[in-house]
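**Student:** Sequence and computational prediction follow.
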Protein chains: 2
Amino acid sequence: MRMSRYFLPVLKETPREAQIVSHRFMLQAGMIKQSSAGIYSWLPLGYKVLKKIEDIVHEEQIKAGHHPMLMPTIQSADLWRESGRYDAYGAEMLRITDRHERDMLYTPTAEELITDIFRANVTSYKDLPLTMYQIQWKFRDEVRPRFGVMRGREFYMKDGYNFDLTKEDALHAYNRHLVSYLRTYERMGLKAIPMRADSGPIGGEDTHEFLVLAETGESEVFYDSAVTDLTFGDREIDYDDKAACAAVMEEFTTKYARTDETHDEALFNEIPEERRMKARGIEVGQIFYFGTKYSDALNAAVDDGQGSKVNVHMGSHGIGVSRLLGAIIEASHDENGIIWPEGVTPFHVGILNMRSGDEAADAACEDLYKQITALGLEPLYDDRDERAGAKFGTMDMIGLPWRITVGPRGLKNGVVEVTCRRTGESEEMPPADAVAKIAKIYEGIA
Amino acid sequence: MRMSRYFLPVLKETPREAQIVSHRFMLQAGMIKQSSAGIYSWLPLGYKVLKKIEDIVHEEQIKAGHHPMLMPTIQSADLWRESGRYDAYGAEMLRITDRHERDMLYTPTAEELITDIFRANVTSYKDLPLTMYQIQWKFRDEVRPRFGVMRGREFYMKDGYNFDLTKEDALHAYNRHLVSYLRTYERMGLKAIPMRADSGPIGGEDTHEFLVLAETGESEVFYDSAVTDLTFGDREIDYDDKAACAAVMEEFTTKYARTDETHDEALFNEIPEERRMKARGIEVGQIFYFGTKYSDALNAAVDDGQGSKVNVHMGSHGIGVSRLLGAIIEASHDENGIIWPEGVTPFHVGILNMRSGDEAADAACEDLYKQITALGLEPLYDDRDERAGAKFGTMDMIGLPWRITVGPRGLKNGVVEVTCRRTGESEEMPPADAVAKIAKIYEGIA
């Protein structure tokens, strides 16, 4: 993309309404614009990151054997009355009356509707196990929406639902989700720690939240520092292998890690003192096993192959897709702006022309642009007629992990400069080497 | 995908509520399920086609130089009051009151909000031309929703908006959209004819609708049969070349083709009688040039580089993404079910095991499955323990364009059968040739 043709309204001033850094940088980098309290438009740069995050979530869910589908945003109140949650949900549910005076709502979650789809179509244990998920807009009418996309009213979420014959199978689905979530977050450059949590209005016995450590997190968390050393990495996993998935669950959840809701001071104090950590975290996902809570309420039963009808065991599993942009920025920035991890960066590399209009600089930039594009990567080329200082400021703010700086002086020596946004380290090299270096960085990522 | 693990609730009965064939087949093939009047869940198979259509729309818009972004579904009434459309829109607009008693709405279109984003950020002609678009859920509270996804209440739509300094530039944007739409529909296997139409509540002088001819279409259309011979094909186009885009516009819109709203009997009668066609059509897209209607109402002006402020010239451009599934099925089916064009088929080929449990048949199917998957294509393997007749019925109903049938008898002679869904023609060949044939069919498509 050439910046001269892009819509990238970078703000010079610090937006007053932003209380946390991710909100500020998303506004300043021209990623989002508020349209009403807690409701945002996603400008082209913000949308690009949102889409990359969405794609990673899809890929990892499909690898785990889960089926993507989509449920509507506007649902009838009827099913929610059947489950008993219509009245229980409170003022956060956006209630709507349509032109025929029917009670509708903007769905905050979809246990009822997915269970209705299931009970209408599945009658036999032979169709199990089954996990379906969607990535869809949700609405939660927060009293005081704040922190930009971190606590907005209209938000984008992955919500998945498993249906299993037995508790054992449903716990395997729970473990499978844990594994797929670990992989998902790692691909986004995030360390998200599964912590024992409280199930809240979803209900159920078992639940873990995934938390990204950050000073601005809304949750207080307590953990054994040893959990932060765990990584899933690029190990192979067979999602059908119950023992293998259970082993990952054990590896990642045995050490102490809890939110304040489930914190147990006595247990915590058994950890060696130097490993006892108290911090703040941002919730980026949650998995639940809730047994037959919804299948009981909505009569979702299958023939068990032994002549009996049994209500299915279920769980639900969420990832806050739009919120993840905020969480990633909270975890990865400096005073000059965002630092995108390679897995989610909106553009793979910035090309900064120090002197637009200079024949050699223009030609070298065009050439880099073409070669990087030919690799299947997307460069963002700052070809505007602006001072170099302003261009550096914009590149730092929008946070592409790599930058190639091209100027007449370097070109006289046959070199351009490749800079890592995170470390600030620069290296001079011939343009062809710069292209090769960028290609190597994104091998296996883009 | 193995059918034994998929969620594909094919219905045996003909659904009573379906008045048109696309609605019936989408229900029977387990693609959608109604959740409330005019509101549907997209089951895995339906979602897969929806996503393919969405991807094609994105690709062609990005090629045309248009920037993807996203606006929220719930918007404040304020901007709509500013433009004067809040009261004008009538009962089809879903009006909502939030917990703070603010007037909100579920957006049916987004001229106001995109103009607000524009005016807040763009002040100079240097930032023009600019076209942004989104693919987002919309809501239109129809009195009598019908025809499944063809006239639903919650629907998925691409809406794009151009901002230009002059009328001439805006008309180039109009032509660019026409070209990109022609390409988009052709990739989906559709012949969509641009017809002079009426602008309705969007307003403006110039507008064309894209119509797919089908008996079940809601619009009456009149055209010169010569327009149905036009195809864009795989010609190259430079979207920055105004003359080239204008030439395509002229080629595709000079011959008579109008909806009943703009039909002119006298002009129509000038066409040689044997080429005078009257038919019905399904609207799958529309482009508008409406000048400064919204920039006047919302004060969206830029510095023109000559010392003056001028209100920008705009247009908006829509594609009915969810409706396209219905339109494609109306245009492409037989009495046994859907016939997907290769460009949008949910799976590239079906593998039908005539005798699951037979060692040779199972092994040959597994092998085909692996080899086709290795090509980067997606087979749907019917590995269920069902009668062959039921398997053929399911395959025909869901409409994959190609099927490989594997049975013990053929395997004894070293062959499987490759069948074209559209023609019904079958050909026996060794499994390796079947794989090569499928690979060749999807070269350059998948």
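**Tutor:** Everything's here; your move.
**Student:** Show me the shaky parts of chain A.
**Tutor:** Counting by pLDDT under 70, the ranges of chain A that qualify are A:201-204.
**Student:** Identify, by residue count, the longest strand of it.
**Tutor:** Longest strand of chain A, by residue count under DSSP state E: strand A:276-291.
**Student:** which of the residues in it are buried?
**Tutor:** For strand A:276-291, burial by neighbour count (16 or more other CB atoms under 10 Å in any protein chain shown) applies to A:277, A:279, A:281-291. C-betas here are computed from N, CA, C, even on glycine.
**Student:** Right, and chain B sits closest to which residue of the stretch 151-300 of chain A?
**Tutor:** Nearest to chain B in the stretch 151-300 of chain A, going by CB to the nearest CB, is A:E154, at a distance of 4.9 Å.
**Student:** what number of residues lie near the residue nearest to A:R146 when sequence neighbours are not counted?
**Tutor:** In space, A:R146 comes closest to A:Q19 once its chain neighbours are excluded; the distance is 6.6 Å by CB to CB, 6 or more residues apart in numbering or on different chains. By the criterion of other CB atoms under 10 Å in any protein chain shown, A:Q19 has 11 neighbours.
**Student:** cool, and A:R5?
**Tutor:** When neighbours are counted by other CB under 10 Å, A:R5 registers 15.
**Student:** Same check on A:G233?
**Tutor:** Counted with other CB under 10 Å, residues neighbouring A:G233 total 8.
**Student:** List the contacts of it.
**Tutor:** When contacts are counted by CB atoms under 8 Å, 6 or more residues apart in numbering or on different chains, A:G233 touches A:E186.
**Student:** Can you read off the backbone torsions of it?
**Tutor:** Phi and psi for A:G233, reported as degrees, to the nearest 10, are phi 70, psi -150.
**Student:** and if you look at A:V302?
**Tutor:** Backbone torsions for A:V302, taken as degrees, to the nearest 10, come to phi -130, psi 160.
**Student:** who's it bridged to?
**Tutor:** When bridges are called by DSSP bridges, A:V302 pairs up with A:V310.
**Student:** these two touch, right, it and A:N121?
**Tutor:** No. Using CB atoms under 8 Å, A:V302 is not in contact with A:N121, being 10.8 Å away.
**Student:** residues in the stretch 51-200 of chain A within reach of chain B, list them.
**Tutor:** A:51, A:65, A:67-76, A:91-92, A:94, A:96, A:98-99, A:102, A:104, A:106, A:113, A:116-117, A:120-122, A:127, A:130, A:132, A:137, A:139, A:141, A:143, A:153-154 (CB under 8 Å from any CB of the partner chain).
**Student:** Helix or strand for A:H208, just tell me which one.
**Tutor:** strand A:206-213 (DSSP states H and E).
**Student:** Give me the helices and strands touching that strand, please.
**Tutor:** Other elements packing on strand A:206-213 under the criterion 3 or more CB pairs under 8 Å, 6 or more residues apart in numbering or on different chains; DSSP states H and E are helix A:167-187, strand A:192-196, strand A:219-224, strand A:276-291, helix A:321-331.
**Student:** Let's see that with 6 Å instead.
**Tutor:** strand A:192-196, strand A:276-291 (3 or more CB pairs under 6 Å, 6 or more residues apart in numbering or on different chains; DSSP states H and E).
**Student:** and of those strands, who's closest to B:G320?
**Tutor:** Checking the helices and strands packed on strand A:206-213 against B:G320 by CB to CB gives strand A:276-291 as the closest, at 33.7 Å.
**Student:** so what secondary structure elements neighbour the next helix or strand after the closest one?
**Tutor:** Where DSSP H and E defines the elements, the next helix or strand beyond strand A:276-291 is helix A:293-298. Using 3+ CB pairs under 6 Å, 6+ apart, the elements in contact with helix A:293-298 are helix A:111-121.
**Student:** Now do the helix it packs on: distance to the chain's middle.
**Tutor:** Put simply, helix A:111-121 sits 26 Å off its chain's centre (CA atoms, centre = their mean, to the nearest Å).
**Student:** Check which residues of it are buried.
**Tutor:** Buried residues in helix A:111-121, counted by 16+ other CB under 10 Å: A:111-119, A:121.
**Student:** now that helix and strand A:276-291, what's the angle there?
**Tutor:** Per axes from the mean of the first three to the mean of the last three CA atoms, to 10 degrees, the angle that helix A:111-121 makes with strand A:276-291 is 30 degrees.
**Student:** In CSV, list the C-alpha atoms belonging to helix A:111-121.
**Tutor:** This file holds the C-alpha atoms of helix A:111-121, laid out as CSV (Å, rounded to 0.1, in the frame of the first residue of the first chain):
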residue,chain,number,x,y,z
GLU,A,111,-25.9,-20.8,24.4
GLU,A,112,-29.7,-20.8,23.9
LEU,A,113,-29.7,-20.5,20.1
ILE,A,114,-27.0,-23.0,19.5
THR,A,115,-28.7,-25.5,21.8
ASP,A,116,-32.0,-24.9,19.8
ILE,A,117,-30.1,-25.7,16.6
PHE,A,118,-28.7,-28.8,18.1
ARG,A,119,-31.9,-30.2,19.6
ALA,A,120,-33.8,-29.6,16.3
ASN,A,121,-31.2,-31.6,14.3
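**Student:** Could you name the helices and strands sitting against the helix or strand following it?
**Tutor:** Later in the chain than helix A:111-121, the nearest helix or strand by DSSP H and E is strand A:130-139. Contacts defined by 3+ CB pairs under 6 Å, 6+ apart place strand A:130-139 against strand A:154-164.
**Student:** Okay, angle between the strand it packs on and helix A:321-331 too, please.
**Tutor:** Orientation of strand A:154-164 against helix A:321-331 (the same axes, to 10 degrees) gives an angle of 110 degrees.
**Student:** With that, I have no additional questions.
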